[in-house]
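In: any chance you can model this:
(one chain, ligands or ions: 2)
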Amino acid sequence: MVPGGAPYGLVRDGAIAIDGARIAWLGPKHKVPEDYAAWPRESASGALVTPALIDCHTHLVHGGNRASEWERRLQGESYAAIARSGGGILSTVAATRAASEDGLVASARKRLDDFTAQGLGTIEIKSGYGLDLENERKMLRAARRLGRESGVTVKTSFLGAHALPPEYAGRKDAYIRVITEEMLPAIAEEGLADYCDGFCETIAFSPADMRTVFEAARALGLGLRLHAEQLSNSGGAQMAAEMGALSCDHLEYLDADGIRAMARAGTRAVLLPGAFYFLREQRKPPVQALRDAGVGMALASDCNPGSSPLTSLLLAMNLGCTLFGLTPEEALAGITREAAAALGLEADRGTLGAGKIADLALWDVDHPAQLAYALGANPHRSQIRAGCWLT
Ligand code: DI6
Ligand code: FE
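Out: Ligands and ions are numbered 1, 2, ... in the order given. From the prediction side, this is the model:
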């Protein structure tokens with residue numbers, strides 16, 4: 001997929017020259033430059049080649065599952081009411097604290113394998129179910145290990161500001177101080193996080209809380225991203241964009257001020273239709289207004305046990321088109337080019353072009369729209385990672 005030009009940037013009868021881990025040249029087969037004519041060739045006959053897929057928002061590492069909470073929600077209880085009654089995120093916090101690092105790696109590896117079987121090459125993984133230094137560390141170490149053991153490129157976000165831990169009930173300011181003065185410095189020192197995230201919502205943290213957390217994170221060199229305007233409009237997206245956040249995520253209740261701030265800052269919108277679907281939300285993110293403002297839209301799974309137990313980026317594409325009105329072309333850009341930008345990785349990943357890392361997915365489809373079209377099919381044929389075929 002080359003930006004601009006034909007729909008999807010499609011090159012028919014294309015060829016790609018790969019030198020080591022990177023793409024050296026790409027274009028139509030009949031224009032392969034002399035320099036590459038004698039290189040060994042491998043046929044990808046009939047396959048569509050895209051960048052390997054990128055999931056830029058997941059809570060892949062966690063203990064347990066919340067199927068019984070889902071049963072309660074099907075009986076009419078709301079996500080927010082379950083959270084207020086001590087369930088929700090806090091029940092996963094208890095299961096994650098009880099799990100060993102090995103146990104977290106093993107359970108997350110199964111979910112990661114679901115994603116890689118559908119062409120994924122890069123994934124962002126958040127902490128946020130530990131909510132104390134030792135357990136947040138354990139989650140982030142598990143995420144880093146998953147990257148080393150699987151060969152998938154893993155980027156991590158520290159999400160200490162996900163929920164107020166039970167031991168700090170009624171003492172939010174004290175917990176924010178622990179985040180900024182103890183957790184963030186220790187985690188940055190160990191190199192465990194690439195970004196800092198937070199849940200900015202009436203049932204979690206306010207924009208003022210998140211500004212305090214972000215100031216500390218930014219001073220330590222972490223990128224910023226935020227769960228914002230998912231269940232109500234609190235102005236978190238505007239605050240985050242003004243602080244230079246790479247992405248604001250969810251955004252169902254985003255208003256015009258938030259959109260303007262994101263456009264001005266180049267902050268990506270990360271749309272999460274899995275959570276919208278699974279929570280049976282009614283309010284959709286303002287896709288047309290984001291388009292009009294030129295805000296790049298990424299698409300991600302939000303893979304988590306409470307609001308989006310989704311391990312398929314192809315299904316996320318379908319949901320993005322069917323529920324949010326993305327075009328299949330926007331959906332594909334959302335899990336490649338825009339997802340890379342939402343992680344600050346656009347120089348190396350997310351598009352095919354000379355100089356980019358040769359992380360490629362090959363698909364048995366006739367047309368790129370088929371990737372978003374099928375519900376539950378897997379047309380993935382094979383993958384090339386950093387220039388090497390995966391066996
Ligand atoms: N928003 C979400 O969609 C996830 N976290 C968040 O802040 C949900 C996490 C969960 O319910 O466990
Ligand atoms: Fe999330």
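In: CA atoms for contacts and neighbours, from now on please.
Out: Fine.
In: now whichever residue of the stretch 101-250 of the chain sits closest to ligand 1, what's its secondary structure?
Out: Proximity of the stretch 101-250 of the chain to ligand 1 (C-alpha to the nearest ligand atom) peaks at residue 199, 4.5 Å away. For residue 199, the assignment made with DSSP: H, G, I helix; E, B strand; the rest coil gives strand.
In: and for the one 4 residues further on?
Out: Three-state assignment for residue 203 (three-state DSSP): coil.
In: grab the nearest non-local neighbour of it.
Out: residue 80 (7.2 Å; C-alpha to C-alpha, 6 or more residues apart in numbering).
In: pretty sure the one you found contacts residue 201?
Out: No - contact criterion C-alpha atoms under 8 Å: residue 80 and residue 201 do not qualify, at 10.5 Å.
In: what about those two, which has more around it?
Out: Comparing residue 80 with residue 201 by other C-alpha atoms under 10 Å, the one with more neighbours is residue 201, at 21 against 13.
In: neighbours of the residue of the stretch 101-250 of the chain closest to ligand 1, how many?
Out: Residue 199 has 25 nearby residues by other C-alpha under 10 Å.
In: interface residues of the stretch 51-200 of the chain facing ligand 1?
Out: 88-89, 162, 199 (C-alpha under 6 Å from any ligand atom).
In: returning to that earlier point: helix or strand for the residue nearest to residue 203, which one?
Out: Under the criterion of DSSP states H and E, residue 80 resides in helix 79-84.
In: list the buried ones in that helix?
Out: Using 16 or more other C-alpha atoms under 10 Å as the test for burial, helix 79-84 gives 79, 82-83.
In: tabulate these (a markdown table), appending pLDDT and distance to residue 117.
Out: What follows is the buried residues of helix 79-84, written out as a markdown table (pLDDT from 0 to 100; distance: C-alpha to C-alpha, whole Å):
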| residue | pLDDT | distance to residue 117 |
| --- | --- | --- |
| 79 | 87 | 31 |
| 82 | 92 | 34 |
| 83 | 85 | 33 |
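In: now for the closest residue to ligand 1 within the chain: which residues touch it?
Out: Distances between the chain and ligand 1 by C-alpha to the nearest ligand atom are smallest at residue 306, namely 3.6 Å. Contacts here follow C-alpha atoms under 8 Å, 6 or more residues apart in numbering; on that basis residue 306 touches 65-66, 69-70, 88-89.
In: repeat that with 6 Å
Out: Applying C-alpha atoms under 6 Å, 6 or more residues apart in numbering to residue 306 gives the contacts residue 66.
In: tell me the secondary structure of it, please.
Out: coil.
In: now the strands for this protein?
Out: 14-19, 22-28, 48-51, 53-55, 120-126, 153-161, 195-200, 223-228, 247-250, 268-271, 297-299, 360-363, 380-385, 388-389 (DSSP state E).
In: okay, these in a markdown table with mean pLDDT next?
Out: Shown next, in a markdown table, are those (pLDDT from 0 to 100):
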| stretch | mean pLDDT |
| --- | --- |
| strand 14-19 | 96 |
| strand 22-28 | 97 |
| strand 48-51 | 98 |
| strand 53-55 | 99 |
| strand 120-126 | 98 |
| strand 153-161 | 98 |
| strand 195-200 | 98 |
| strand 223-228 | 98 |
| strand 247-250 | 98 |
| strand 268-271 | 98 |
| strand 297-299 | 98 |
| strand 360-363 | 98 |
| strand 380-385 | 97 |
| strand 388-389 | 96 |
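In: possible to save these as TSV with distance to residue 37?
Out: Output for those, formatted as TSV (distance: least, C-alpha to C-alpha, whole Å):
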stretch	distance to residue 37
strand 14-19	10
strand 22-28	12
strand 48-51	20
strand 53-55	29
strand 120-126	29
strand 153-161	31
strand 195-200	43
strand 223-228	42
strand 247-250	42
strand 268-271	40
strand 297-299	37
strand 360-363	21
strand 380-385	21
strand 388-389	20
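In: for residue 133, which of these is the nearest?
Out: For residue 133, the closest of the strands of the chain is strand 153-161, at 8.6 Å, according to C-alpha to C-alpha.
In: now that closest one - C-alpha only, PDB.
Out: Only the C-alpha atoms of strand 153-161 are listed here, as PDB (Å, rounded to 0.1, in the frame of the first residue of the first chain):
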ATOM      1  CA  THR A 153       7.400  -5.900  17.900                       C
ATOM      2  CA  VAL A 154       5.800  -4.900  21.300                       C
ATOM      3  CA  LYS A 155       5.500  -1.400  22.500                       C
ATOM      4  CA  THR A 156       4.300  -0.800  26.100                       C
ATOM      5  CA  SER A 157       2.200   1.800  27.900                       C
ATOM      6  CA  PHE A 158       2.200   2.400  31.600                       C
ATOM      7  CA  LEU A 159      -1.500   2.700  32.600                       C
ATOM      8  CA  GLY A 160      -1.200   3.200  36.400                       C
ATOM      9  CA  ALA A 161      -4.100   5.800  36.100                       C
END
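In: and it with strand 120-126, angle?
Out: Angle between the axes of strand 153-161 and strand 120-126 is 20 degrees (criterion: axes from the mean of the first three to the mean of the last three C-alpha atoms, to 10 degrees).
In: residues in contact with the longest helix along the chain?
Out: Scanning the chain for the helix with the most residues, using DSSP state H, yields helix 133-150. By C-alpha under 6 Å, 6+ apart, the surrounding residues in contact with helix 133-150 are 101, 105, 127, 130, 153-154, 183, 192.
In: mean confidence score for that helix?
Out: In this model, helix 133-150 has a mean pLDDT of 98.
In: check the offset of it from the chain's centre.
Out: Relative to the centre of its chain, helix 133-150 is centred 17 Å away, using C-alpha atoms, centre = their mean, to the nearest Å.
In: how big is the angle separating it from strand 153-161?
Out: Interaxial angle of helix 133-150 relative to strand 153-161 (the same axes, to 10 degrees): 170 degrees.
In: just the CA trace of helix 133-150, in CSV.
Out: Below are the C-alpha coordinates for helix 133-150, written out as CSV (Å, rounded to 0.1, in the frame of the first residue of the first chain):
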residue,chain,number,x,y,z
LEU,A,133,4.5,-0.7,41.5
GLU,A,134,5.3,-4.4,41.8
ASN,A,135,2.2,-5.5,39.8
GLU,A,136,2.5,-2.8,37.2
ARG,A,137,6.1,-3.9,36.7
LYS,A,138,5.1,-7.5,36.5
MET,A,139,2.6,-6.7,33.7
LEU,A,140,5.1,-4.6,31.7
ARG,A,141,7.9,-7.2,32.1
ALA,A,142,5.4,-9.8,30.8
ALA,A,143,4.7,-7.6,27.8
ARG,A,144,8.4,-7.1,27.1
ARG,A,145,9.0,-10.9,27.4
LEU,A,146,6.1,-11.6,24.9
GLY,A,147,7.9,-9.4,22.4
ARG,A,148,11.2,-11.2,22.9
GLU,A,149,9.7,-14.7,22.8
SER,A,150,7.3,-14.2,19.9
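In: right, I'll leave it there.
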